[in-house]
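Student: A structural model of the following input is requested.
(4 chains)
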Number of protein chains: 2
Amino acid sequence: MALRSNRFDDAARAGWLYYVAGNTQDQIATKLGVSRQSAQRLVSLAVSEGLVRVHIDHPIANCLELANRMREKFGLVFCEIAPTDPGNESTIVGVAEAAAQEIERWLRKPEPQIIAVGTGRTLKAAVELLPRMDCRHHKVISLTGNIAPDGSAAYYNVVFTMSDSVNVRSFPMPLPVIASSPGEREMLHQQAMIIPTLELSRKADVTFVGIGEFGNQAPLFVDGFITEAELEMLSAAGAVGEIVGWSFDADGKLIEGITNDRVASAPIPSRETSLVIAIAKGRKKFACIAGAVRGGLINGLITDEETAEYLLGMEA
Amino acid sequence: MALRSNRFDDAARAGWLYYVAGNTQDQIATKLGVSRQSAQRLVSLAVSEGLVRVHIDHPIANCLELANRMREKFGLVFCEIAPTDPGNESTIVGVAEAAAQEIERWLRKPEPQIIAVGTGRTLKAAVELLPRMDCRHHKVISLTGNIAPDGSAAYYNVVFTMSDSVNVRSFPMPLPVIASSPGEREMLHQQAMIIPTLELSRKADVTFVGIGEFGNQAPLFVDGFITEAELEMLSAAGAVGEIVGWSFDADGKLIEGITNDRVASAPIPSRETSLVIAIAKGRKKFACIAGAVRGGLINGLITDEETAEYLLGMEA
DNA sequence: TCCAAATATGAATAATTGCTCGTGAGCGTA
DNA sequence: TACGCTCACGAGCAATTATTCATATTTGGA
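Tutor: Numbers count the residues shown, from 1 in each chain, chains lettered A, B, ... in the order given. As a prediction, this is how the structure comes out:
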């Protein structure tokens, strides 16, 4: 441990000398008394371990304008657009960074906040970008269960990742994501450990969720929360996307039955009294993001230029 | 203007693609439709214009420990130590970054704050690092006059620099730094525009100041606020440093007379009721920083490892 | 309209950075 | 002790980035 933290210390120092003080790796090597290659490794370790945080302090005009038009067209309370990296469809680093920024903004508030979180790859990436901070006065509530179908801890659950860097009172949900029957879901929700968490989720000041798409890459299916048969039934019933397990159609209306009568997640908090911010981008998600905004399942959105342009281009 | 902002927009986008999305400059050139050289220039423009902000999210153990020992030894309420770049004595980028961080922390507070600021190169560098933000609810007060001896605006005044990026209610002092006589100083302080500003400075929640050293590089002298004769008289009287024009000796006691009876700056706010943070580092400043902490002229300090080690090594 | 100064561009080249790979030290195990 | 494994190290080389310089192109005046 001492070794490890010493290594990180060196990495941080190398990163500082490189990015902040503007030394070359050669100079750093001399100053730290290591070889140039080692200095290079320290710098790259600092980057890969997220010790080095970069952000661009300039509002890119196109992003601002798209955000305004999005708020206008879809009546969003909050909208933030990150640049798109053309030709790199899969990178989520832009929206993750923007989301981290926004989550941090909430965490910095001195008044105690109730922050609810869903799941998802992008959300998880965002949470990993959070700086170390001490926020004991806030509460972070997971809207969804953290038990994977095989009984292990669900990988894309976000609450635990957050506690790596942020000291906050957290309320995970020791539940599966989708119960085996409506009755079981009822029973689970009666548990003493769950009731106060559900209660808190209803009072969330702000909620951050991902949006899962349908299709053969559907995260609900890929992660094993639903079977292929259920996936097909849901698709046949018009499902295009899902938020914390609640499947909805192209108009953002929740699908009746199938899996929705046994989703063990808390309901999406009210958009009347709180801000529900979705973080999602990319072509595969166009339809489900469109559904979520159309149906008012969310009133905040963090996405990228390409997605915003698609959403603004489509029929209202 | 459109061109300029467009250029900055491109630079920001190039910087984003480079530092955040991790593209090479070649890829950026293709994506932005410019030559590789132009892409390189855009990236470097983004850096030099401060559009790219880097910071290290890892507490370097040695810096933390030094800060603790500083607080202990000198009874400081606040102390922050930035890494030293060995062999680059002159760089102030480390403490400037740390200071910017702390100023930003105050500016982010939702409750209205009264923030007083002094002058100095390091403080100015720190303020230039502030991100764009909207803080209409705070007030920023200059403790010192902003009129240079030749009648122009004093270059190292900080309030105007701050308004470049931060939208805040600012209260500059349209005064010289040192009046020609005690009587003139009295008269100036009776002006209707000055009285409320002086009043506010007394109620500051936090104050950020630089510390000027004496010697032939003394900023007070170099910037023409005092004559060579005055500099020598002050030195002979034991002056080792100066905060917003108030000269003090090695024990941090204000010098009597000479220039101190006509300094037109507001007094340094009370350390009983507010936090007075000095930002200073470097060998030339060892003596004056030591004086300021010994005499309790300040109760907060942002400096670097080398300076902290010197201060901790000396006789209390 | 024309000229001069300032500015931007791309080619060439120099400097820096990143990667691969072979070596050897450290370490646990048979 | 010998063996095999992992891992950090640095040499060498490939890739990327920064700078310089000569040449256009724009801009602001007369």
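
Student: How about the residue of the stretch 101-250 of chain A found nearest DNA strand C: what's its closest non-neighbour residue?
Tutor: Across the stretch 101-250 of chain A, the shortest distance to DNA strand C (C-beta to the nearest atom of the strand) belongs to residue A:129, at 19.6 Å. In this view, the C-beta of every residue, glycine as well, is placed from N, C-alpha and C. In space, and not counting its chain neighbours, residue A:129 is closest to residue A:100: 3.8 Å by C-beta to C-beta, 6 or more residues apart in numbering or on different chains.

Student: so who does the most centrally placed residue in chain A touch?
Tutor: Nearest residue to the geometric centre of chain A (C-alpha atoms, centre = their mean): residue A:123, 1.3 Å. If you count contacts by C-beta atoms under 8 Å, 6 or more residues apart in numbering or on different chains, residue A:123 has them with A:99, A:117, A:156, A:158, A:208-210, A:279.

Student: Kindly report the same for residue A:171.
Tutor: A:139-142, A:159, A:196-197, A:200.

Student: Got a PyMOL select line for the buried ones in these?
Tutor: With 16 or more other C-beta atoms under 10 Å in any protein chain shown as the criterion, this PyMOL line picks the buried residues out of the contacts of residue A:171:
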select buried, chain A and resi 139+140+141+142+159+197+200
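
Student: Name the nearest of the contacts of residue A:171 relative to residue A:185.
Tutor: Nearest to residue A:185, judged by C-beta to C-beta, of the contacts of residue A:171 is residue A:197 at 14.6 Å.

Student: Next up, identify which helix or strand that closest one is on.
Tutor: helix A:195-202 (DSSP states H and E).

Student: go on, residue A:79?
Tutor: Since the elements are taken from DSSP H and E, residue A:79 ends up inside strand A:78-82.

Student: Next: residue A:131.
Tutor: With DSSP H and E as the test, residue A:131 turns up in no helix or strand.

Student: Look up the pLDDT of it for me, please.
Tutor: Predicted confidence (pLDDT) for residue A:131: 87.

Student: Wasn't residue A:14 part of a helix?
Tutor: Yes - under DSSP: H, G, I helix; E, B strand; the rest coil, residue A:14 falls within a helix.

Student: Could you list the low-pLDDT ranges of the stretch 151-300 of chain A?
Tutor: A:151-154 (pLDDT under 70).

Student: Please, where are all the helices along it?
Tutor: Ranges of helices in the stretch 151-300 of chain A, per DSSP state H, counting those that start in this stretch, are A:159-165, A:182-189, A:195-202, A:219-222, A:228-236, A:286-294.

Student: surely residue A:307 meets residue A:286?
Tutor: Yes - in this structure residue A:307 lies within contact range of residue A:286 using C-beta atoms under 8 Å: 6.7 Å.

Student: Give me the more crowded residue out of these two.
Tutor: A side-by-side neighbour count of residue A:307 and residue A:286, using other C-beta atoms under 10 Å in any protein chain shown, places residue A:307 first with 24 against 19.

Student: how near is the more buried one to DNA strand D?
Tutor: Remark: distance between residue A:307 and DNA strand D (C-beta to the nearest atom of the strand, to the nearest Å) = 27 Å.

Student: Residue A:301 versus the closest residue in space to that residue that isn't next to it in sequence, what's the distance?
Tutor: Leaving aside its chain neighbours, residue A:307 sits nearest to residue A:281 (4.6 Å; criterion: C-beta to C-beta, 6+ apart). Going from residue A:281 to residue A:301 by C-beta to C-beta, to the nearest Å gives 10 Å.

Student: can you check residue A:269 too?
Tutor: Residue A:269 is 16 Å from residue A:301, by C-beta to C-beta.

Student: What residues does chain A have near DNA strand C?
Tutor: Applying C-beta under 7 Å from any atom of the strand, we find that chain A lies next to DNA strand C at A:18, A:24-26, A:36-37, A:40, A:43-44.

Student: Buried only: go through those for me.
Tutor: Members of the residues of chain A next to DNA strand C classed as buried by 16+ other C-beta under 10 Å are A:18, A:25, A:40, A:43-44.

Student: Dump those residues into a markdown table; add secondary structure and pLDDT as well.
Tutor: Listed next are those as a markdown table, based on DSSP: H, G, I helix; E, B strand; the rest coil; pLDDT from 0 to 100:
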| residue | secondary structure | pLDDT |
| --- | --- | --- |
| A:18 | helix | 95 |
| A:25 | helix | 93 |
| A:40 | helix | 94 |
| A:43 | helix | 93 |
| A:44 | helix | 92 |
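
Student: List just the nearest of the residues you listed to residue A:172.
Tutor: residue A:44 (33.5 Å).

Student: Okay, strands next: where are they in chain A?
Tutor: Remark: strands assigned in chain A by DSSP state E are A:52-56, A:78-82, A:114-117, A:133-147, A:166-176, A:206-210, A:212-213, A:239-243, A:246-249, A:275-279, A:300-304.

Student: Check what contacts the third one and list those residues.
Tutor: The list of residues contacting strand A:114-117 from outside it, by C-beta under 8 Å, 6+ apart, reads A:103, A:106-107, A:123, A:127, A:138-143, A:158-159, A:162, A:200-201, A:203-209, A:266, A:269.

Student: Just checking: what are the partner strands of it?
Tutor: Using DSSP bridges, the strands paired with strand A:114-117 are strand A:133-147 (parallel), strand A:206-210 (parallel).

Student: Tell me which of the ones you listed is the most buried.
Tutor: Among the strands paired with strand A:114-117, ranked by average contacts under mean count of other C-beta atoms under 10 Å in any protein chain shown, first place goes to strand A:206-210 (a mean of 26).

Student: DNA strand D contacts on chain A?
Tutor: Counting by C-beta under 7 Å from any atom of the strand, chain A sits next to DNA strand D at A:34-35, A:37-38, A:41.

Student: Try it again at 10 Å.
Tutor: Applying C-beta under 10 Å from any atom of the strand, we find that chain A lies next to DNA strand D at A:3-4, A:7, A:10, A:22, A:24, A:29, A:33-42, A:45.

Student: and those, which are buried?
Tutor: By 16+ other C-beta under 10 Å, the residues of chain A next to DNA strand D give A:10, A:29, A:34, A:38-42, A:45 as buried.

Student: can I get the CA coordinates of stretch A:220-233 in CSV?
Tutor: What follows is stretch A:220-233, C-alpha atoms only, in CSV (Å, rounded to 0.1, in the frame of the first residue of the first chain):
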residue,chain,number,x,y,z
LEU,A,220,-31.1,-5.2,-20.2
PHE,A,221,-30.7,-8.3,-22.3
VAL,A,222,-26.9,-8.3,-22.6
ASP,A,223,-26.5,-8.0,-18.9
GLY,A,224,-28.9,-10.9,-18.4
PHE,A,225,-31.7,-9.0,-16.7
ILE,A,226,-34.3,-10.2,-19.2
THR,A,227,-34.5,-13.2,-21.5
GLU,A,228,-34.4,-13.2,-25.2
ALA,A,229,-38.1,-14.1,-25.2
GLU,A,230,-38.9,-11.2,-23.0
LEU,A,231,-36.8,-8.9,-25.2
GLU,A,232,-38.8,-10.0,-28.2
MET,A,233,-42.1,-9.6,-26.4
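
Student: got a list of contacts for it?
Tutor: Here stretch A:220-233 has contacts from A:148-150, A:154-156, A:176-178, A:212, A:214, A:218, A:234, A:242, A:245, A:247, A:258-259, using C-beta under 8 Å, 6+ apart.
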